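Visitor: Sequence and predicted structure, then a few things I'm wondering about:
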Amino acid sequence: MGKSRRRDTEGPHGWLAIHKEAGYTSTRVVERVKRIIRAGKAGHGGTLDPFSEGVLPIALGEATKTLAYVLEGDKAYRCWIRLGSETDTGDPTGQFTPGHQDFPDRETVLALLTRYLGEQDQVPPIYSAIHVDGERAYERARRGETVELPSRRVTFHELTLVEYADGLITLDVRCGKGTYMRSLARDLGRELGCLAHLERLLRTRTLGFSLAECVTLDALSQGVEAGRLNELLLPVDRALDDIPALRLRLEAWSRVMNGQAAWIEADGVAPGPVRLLSPEGRFGATGTLGQGLDASGRRPCTPKRLFNLA
């Protein structure tokens, strides 16, 4: 086994909640984290555009195996929407198209937000990472090509007006997967008749990680230098909190750790994905719980992914 392979399996393993600052790409943040803590394997949970800031969860080592489970959850943002102009990117980095400076009153804005609650059809911004004929939409847009993206069904669970003054709407949003805040700003501006773009975007929650538990890259670096990485590192299965956890007996645990199906006690747990814990309560695998029962009332469980955390 080579040095790089050893480094991947030795850790560190877990999640870091990073507060991404504006100006960084999500990939660059991952690279910085890997350098700071000398990690062999890392990945981020959900891209943030370079101009955006806020919660960017980073999975390290064995935690990267959980990324496939967690990329589709609800997200929360604070948006600053500037009325009076639209941009081709939907944010302050694009080409501006001026609109009206006669802005609507607060009651009109509130009424429009109420209409946006629930499921909506939304057209993504042309400067997005969506694939069009095998190529990212933003690559075509940058070449000046006409990009037409189909609308997609999105869901707004909450739209709370925090402040409205001087043509700037400050909005708290909680939404489902695949929802673009740049498109929200564009659509609100057009319906209000004055055009709008997203001036600033702060992601406040995603994948169960909140802004309150985040650290900046500088704080991470200082923490590592002080030997406090373990205080900042969150458990490998932290992003799987919505999946039921089952503590196994020794015999069943031994079978699971060898990749074999096992009969386990699982009273009250619905069939489907489960987290599997050792007799001591240590997370070590994901699995699928079946519906049948043996003579002892146990349920069949098939391991799906093993984690090397010994």
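Guide: Thanks, I have it.
Visitor: Which residue is the nearest non-sequential neighbour of residue 113?
Guide: Spatial nearest neighbour of residue 113, excluding adjacent residues (Cβ to Cβ, 6 or more residues apart in numbering): residue 159 at 4.4 Å. Where C-beta positions appear, they are placed from N, C-alpha and C, glycine not excepted.
Visitor: so that neighbour touches residue 179, yeah?
Guide: No: judged on Cβ atoms under 8 Å, residue 159 makes no contact with residue 179 at a distance of 11.2 Å.
Visitor: tell me the contacts of the residue nearest to residue 113?
Guide: 113, 114, 116, 117, 171, 172, 173 (Cβ atoms under 8 Å, 6 or more residues apart in numbering).
Visitor: How are the helices of the stretch 101-250 of the chain distributed by residue range?
Guide: Assigned by DSSP state H, counting those that start in this stretch, the stretch 101-250 of the chain shows helices spanning 106-116, 137-142, 181-192, 217-225, 229-232, 250-257.
Visitor: residues of the fifth one that come out buried?
Guide: Pointing back at helix 229-232 there. 229, 232 (16 or more other Cβ atoms under 10 Å).
Visitor: and it, how far from the chain's centre?
Guide: 21 Å (Cα atoms, centre = their mean, to the nearest Å).
Visitor: and if you look at stretch 156-174?
Guide: That offset, for stretch 156-174, works out to 21 Å (Cα atoms, centre = their mean).
Visitor: Just the endpoints, please. Distance across it?
Guide: 6 Å (Cα to Cα, to the nearest Å).
Visitor: Report how many residues lie close to residue 97.
Guide: 11 (other Cβ atoms under 10 Å).
Visitor: what's the closest non-adjacent residue to it?
Guide: For residue 97, ignoring the flanking residues on the chain, the nearest one in space by Cβ to Cβ, 6+ apart is residue 86 at 4.8 Å.
Visitor: so what's residue 29 up against?
Guide: 18, 20, 44, 56, 58, 217.
Visitor: The fourth one is in what secondary structure piece?
Guide: Think residue 56. Using DSSP states H and E, residue 56 sits within strand 53-60.
Visitor: quick one: low-confidence ranges for the protein?
Guide: Residue ranges of the chain with pLDDT under 70: 1-11, 71-72, 310.
Visitor: Need the residue closest to the centroid of it.
Guide: Per Cα atoms, centre = their mean, the C-alpha nearest to the average position across the chain is that of residue 46, at 3.7 Å.
Visitor: So that one, which state does it fall into?
Guide: At residue 46 the chain is in coil, as set by DSSP: H, G, I helix; E, B strand; the rest coil.
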